[in-house]
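Visitor: Mind looking at a prediction? Sequence and model below.
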Amino acid sequence: MCRLFGFRSVIQSQVHHSLISAENALEVQSNKHPDGWGVSYYTAGAPHVIRSEKTAVNDNIFKKVSGIVSSETVVAHIRNATLGTVNILNTHPFQYGNWIFAHNGNIKDFDKYRDEIIARVSPHLKRFILGTTDSELLFYFILTKLSQRVELSDRHCDIDILQECIKKSLDELTSIIGDYCPNDDGKNTETFLTFILTNGKTMIAHQGGKKLYYSTYKVKCSERDTCPYFSQECEAPTKSGKINHLIFSSEPLHGDNTWIPMNVGQMIGVDEEMNLSIY
């Protein structure tokens, strides 16, 4: 299926290595996931999204974007289409206002359930659904629940409220379509609901059957002697609850980061002050 990458840090950092240079970087993975790519990043508090229906490994724009992106928040996606045609409207990440969403998964028998799902999307959000994928609809389904608790345009979003809204969304969705598959056996026909959602400050990921790994510290930071933000949380599990970076990836990326697999049904995220929450 698809591949996800999410990055949230206290300082602006380049993600060039993770996207194109690492042994199993997203560009390399696009050989098996050829149906488009997207990179989103935040500058001056505003999201920028660049997408293409081309294969990342053959796309010079992907290399150019990956080489210049330096941000506190980045979400990237490599697509292997299961639903929806291969075109730019169906390419992740999806954006609404400050909110960015990328999904690795599938809704089994989507055509059977699409009308019932879209009927539960708020009318003022429904008109922004431009593509034909289950992923984009899932995004707006979650935003509908979230909009009942917070102003979507507000840059502040309490991480607990976000988690509660996602859980409520998934509970309602699975009451319609059935439970998602807990085993990532390589089949693309079952329901999988693994995704990353952020507004640039708060970021959260859900492990919905497709594997997802996270990292909050390195074995040893190469910039430990020069970085003004260096702390013990950079090289060990946090004791204070605060972290300096959070990375999500569909596969562990080679390098200094320590990778931990997320459990099925688990949600992990950070708030705008980089407090780590595990649900």
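Guide: Yep, that arrived.
Visitor: All the helices of the stretch 51-200 of the chain, in order from the start?
Guide: With DSSP state H, counting those that start in this stretch as the criterion, the stretch 51-200 of the chain has helices at 60-68, 110-118, 123-126, 134-147, 159-177.
Visitor: Mind listing residues that contact the shortest one?
Guide: So the one you mean is helix 123-126. The contact list for helix 123-126 (Cβ atoms under 8 Å, 6 or more residues apart in numbering) reads Y96, I118, Y140, L143, T144, S147. From N, CA and C alone the C-beta is placed, and that goes for glycine too.
Visitor: distance of the residue nearest in space to the middle of the chain from F94?
Guide: What sits nearest the mean C-alpha location of the chain, by Cα atoms, centre = their mean, is I196, with 2.5 Å. Distance, I196 to F94, using Cβ to Cβ, to the nearest Å: 11 Å.
Visitor: M267 now?
Guide: 19 Å.
Visitor: More neighbours: which of these two?
Guide: F94 (30 against 21; other Cβ atoms under 10 Å).
Visitor: What's opposite that one in the beta bridge?
Guide: F94 has these beta-bridge partners by DSSP bridges: F101.
Visitor: and it, what pLDDT?
Guide: What the model reports as pLDDT for F94 is 95.
Visitor: got the contact list for it?
Guide: I100, F101, A102, S135, E136, F139.
Visitor: residues in contact with the second one?
Guide: By Cβ under 8 Å, 6+ apart, the residues touching F101 are H92, P93, F94, Q95, S135, L138, F139, I142, F195, I196, L197.
Visitor: I'd like to know which of those residues is nearest to D158.
Guide: D158 lies nearest to L197 out of the contacts of F101, by Cβ to Cβ, at 13.9 Å.
Visitor: Tell me if I'm right that that closest one and W99 touch.
Guide: Yes - contact criterion Cβ atoms under 8 Å: L197 and W99 qualify, at 7.0 Å.
Visitor: so how far is F101 from the residue nearest to the centre of the chain?
Guide: In this view, I196 and F101 are 7 Å apart by Cβ to Cβ.
Visitor: same check, this time on Q95
Guide: Between Q95 and F101 the computed distance is 8 Å (Cβ to Cβ).
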